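Student: Mind folding the following:
(one chain, ligands or ions: 1)
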Amino acid sequence: MTPPDNDPRTEPFDLDYAPAPQSTAVVDIADEYGLFIDGDFVESRSGRTFATTNPATEEHLADVAEGSKDDVDRAVAAARNAYEGHWGALSGRERGKYMFRIARQIQERARQFAVLETIDGGKPIRESRDVDIPLSAAWFFYYAGWADKLEYAFPGRRVAPHGVAGQIIPWNFPLMMAAWKLAPALATGNTVVLKPAETTPLTALLLADVIRDVGLPPGVVNIVTGAGATGAALVDHTGIDKLAFTGSTEVGKRIQRATSGRRLPLTLELGGKAAHIVFDDSAVDQAVEGIVNGIYFNQGHVCCAGSRLLVQESVAEEFTLRLKRRMAVLRLGDPLDKNTDVGAINSAEQLRRITDMVDAGVAEGADLHQPDCDLPERGYWYPPTVFTGVQQSHSVARDEIFGPVLTVQTFRTPQEAVDKANNTPYGLSAGIWTEKGSRILWMAEQLRAGVVWANTYNQFDPASPFGGYKESGFGREGGLHGLAPYLRAAGRVA
Ligand code: ADP
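Tutor: Predicted structure coming up:
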């Protein structure tokens, strides 16, 4: 059933928004940043640096030290000394105190972190302010609470940290990914060498400042900035006892191959191509909001993005119409404007990737729709995009795009929805919109996805485990499950 064109339920309303720019006075970006090793900022041994830029303006922000093999070696040695010298033997209660301090400092400096995150990465300030930074603090609070309760987390078992953990994180949630990695590692008594992504190193370096301010002993957390080669040096280092990686499936596979001959505990959180399923009995307006949030949140730079809309055939036409009308009023532009919904693409390289994949979709015969919107002249931008007329064989329906691009396919029965949803090499997340609780439970059981949201999407909580199946990786982050990868297989207490 198609509503008439002048139907007030679906007519976009035209509101002008006055600019609401976030002040940047709270951040002070240095010209140069060093590596954070053994409690101090130091130059890289090679003296090499790389530039980090603001993707919304292409403005050069700072030169950041590029960690070499030597630097990774220094960082691992510092982490080892800290583990053996002090941290490994410290009580959980004391570890927890440091972590609570870090959490409180993130809260106190939340605005500074949010503005810096948006400047360095391009995401809307509304998201960094309301999602990334509060969740980063929440992750430290949550795991700080576990630090002195590990014996209750694993009753009857002796628990012991691995030692030195190597951690590599991506650019889509820079501070939050650092928090997801550091908090469980520290709670369980490990020390860490963290490698942030090369396009978004600044909030991790601000976190290093916090770590120093709260008096965390030197060497417990080391932050080595750099690109893939720095990450590979960390992966190859024989001095690490545990490795955790979040990033693309391609690099994840490379890391698994590189570490396969070693007895190195590994956690991989990789890509996704989530099905977002809408049944004919769903609350339509909420479902439209959910779909929009699922794919256009953070410009679609989200591994669990709901990038494949599966909508029941009987409501597909109306639903797609409403979706397009909602897309038409998404505000794209200055990420520092508090009204902005869709910010900048994180890098020129990512913009190229998205453009190539969308072009391939058009060439394969899918129907492209992009609302009229003016893209700023400078910076990296891509409009919210939806493909209809999509076949399962189209690359846009199969490959992870990691951009603001949604595909629409239809289904008739719940079983067909399940079959289509599971027809992917990935298995990270899925979403369901329906009124029927029994159907939600049945679907959730059938879907091969680590996280299934029902009548909502993109909800994160530190108490809730997150992670994938198949090519989306293995291991869980968050909750009790997120502690286990940082502990040695613990024997029964006699
Ligand atoms: P994305 O698609 O999100 O850019 P990548 O997998 O390329 O994901 O990057 C995620 C993280 O992995 C970044 O910190 C990046 O520098 C790092 N990285 C890239 N290549 C390698 C590699 N060969 N070994 C280890 N880390 C790598």
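Student: the helices in the stretch 201-350 of the chain, which residues?
Tutor: Chain-ordered helices for the stretch 201-350 of the chain, with DSSP state H, counting those that start in this stretch as the definition, fall at 202-213, 228-236, 249-259, 284-296, 313-328, 348-364.
Student: Tell me the helices and strands packed up against the helix or strand following the longest one.
Tutor: Scanning forward in sequence from helix 348-364, with DSSP states H and E defining helices and strands, the next element found is strand 367-369. Applying 3 or more Cβ pairs under 8 Å, 6 or more residues apart in numbering; DSSP states H and E, we find strand 367-369 packed against helix 348-364, strand 385-388. All C-beta spots, glycine's among them, are computed from the backbone N, C-alpha and C.
Student: next structured bit after the shortest one?
Tutor: Looking back up the chat, that one is strand 385-388. Moving toward the C-terminus from strand 385-388, the next helix or strand (DSSP H and E) is helix 395-398.
Student: what's that following helix in contact with?
Tutor: Residues from elsewhere that reach helix 395-398 (Cβ atoms under 8 Å, 6 or more residues apart in numbering): 273, 308, 357-358, 360-361, 364, 366, 387, 390-392, 405, 407, 409, 424.
Student: Make a ChimeraX selection of the buried ones in those.
Tutor: Of the contacts of helix 395-398, the buried ones go into a single ChimeraX selection, burial set by 16 or more other Cβ atoms under 10 Å:
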select :273,308,357,358,361,366,387,390,405,407,409,424
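Student: Most widely separated two among the contacts of helix 395-398?
Tutor: Val358 and Thr424 (18.8 Å; Cβ to Cβ).
Student: Now do whatever residue of the stretch 201-350 of the chain ends up closest to the ligand: how many residues are near it, please.
Tutor: Of all residues in the stretch 201-350 of the chain, Gly231 sits closest to the ligand, with a separation of 2.3 Å (Cβ to the nearest ligand atom). Gly231 is flanked by 25 other residues according to other Cβ atoms under 10 Å.
Student: Surely it touches Ile168?
Tutor: Yes - contact criterion Cβ atoms under 8 Å: Gly231 and Ile168 qualify, at 4.8 Å.
Student: Check the contact lists of those two and give me the overlap.
Tutor: By Cβ under 8 Å, 6+ apart, Gly231 and Ile168 have these common neighbours: Lys195.
Student: what does the helix or strand of the chain with the lowest mean pLDDT contact?
Tutor: Using mean pLDDT, DSSP states H and E, the weakest-scoring helix or strand in the chain turns out to be helix 150-153, at a mean of 91. The list of residues contacting helix 150-153 from outside it, by Cβ under 8 Å, 6+ apart, reads 92, 146, 157, 159, 187-188, 480, 483, 487.
Student: got a pLDDT number for Met443?
Tutor: Listed pLDDT for Met443 reads 98.
Student: what's the closest non-adjacent residue to it?
Tutor: Excluding its sequence neighbours, the residue lying closest to Met443 (Cβ to Cβ, 6 or more residues apart in numbering) is Ile432, at 5.1 Å.
Student: Also Val418?
Tutor: With Cβ to Cβ, 6+ apart, the residue lying closest to Val418 is Gln446, at 4.4 Å.
Student: before we move on, back to that, what about the residue nearest to Met443, how many neighbours?
Tutor: 30.
Student: same deal with Asp285?
Tutor: Asp285 has 12 neighbours, counted by other Cβ under 10 Å.
Student: for the closest residue to Lys181 other than its chain neighbours, helix, strand, or coil?
Tutor: Nearest residue to Lys181, sequence neighbours excluded (Cβ to Cβ, 6+ apart): Gln167, at 4.2 Å. Under DSSP: H, G, I helix; E, B strand; the rest coil, Gln167 falls in the strand class.
Student: For the ligand, see how far away Gln167 is.
Tutor: Distance, Gln167 to the ligand, by Cβ to the nearest ligand atom, to the nearest Å: 10 Å.
Student: and that residue, what pLDDT?
Tutor: Looking at Gln167, its pLDDT is 98.
Student: Against Glu66, how distant is the closest residue to Val42 other than its chain neighbours?
Tutor: Spatially, and ignoring its direct neighbours in sequence, Val42 is nearest to Gly34 (5.1 Å; Cβ to Cβ, 6+ apart). Distance from Gly34 to Glu66, counting by Cβ to Cβ, to the nearest Å: 11 Å.
Student: what's the residue closest to the geometric middle of this structure?
Tutor: Nearest to the mean C-alpha position of the chain, counting by Cα atoms, centre = their mean, stands Phe173 at 4.5 Å.
Student: and the closest residue to that one other than its chain neighbours, what does it touch?
Tutor: Excluding its sequence neighbours, the residue lying closest to Phe173 (Cβ to Cβ, 6+ apart) is Asp132, at 5.7 Å. Shown in contact with Asp132 (Cβ under 8 Å, 6+ apart): 113-114, 117, 123, 173-176.
Student: Could you look up the SS state of Asp132?
Tutor: Taking three-state DSSP, the label given to Asp132 is helix.
Student: Correct me if wrong: the residue nearest to Val418 contacts Ala417.
Tutor: No - with contact defined as Cβ under 8 Å, Gln446 does not reach Ala417; the gap is 9.0 Å.
Student: more neighbours, the two?
Tutor: The neighbour comparison of Gln446 against Ala417 (other Cβ under 10 Å) goes to Ala417, with 27 against 17.
Student: I'd like the distance between that one and Arg439.
Tutor: According to Cβ to Cβ, Ala417 and Arg439 sit 10 Å apart.
Student: intersection of neighbour lists for those two?
Tutor: Common contact partners of Ala417 and Arg439 (Cβ under 8 Å, 6+ apart): Phe279.
Student: How far away from the center of its chain is the host helix or strand of Trp453?
Tutor: For Trp453, the element it lies in under DSSP H and E is strand 451-454. Chain-centre distance of strand 451-454: 17 Å, with Cα atoms, centre = their mean, to the nearest Å.
Student: Outside of the next helix or strand after it itself, list whatever touches it.
Tutor: Downstream of strand 451-454, the first helix or strand assigned by DSSP H and E is strand 473-474. Residues outside strand 473-474 that contact it (Cβ under 8 Å, 6+ apart) are 249, 252, 267-270, 428, 467-468.
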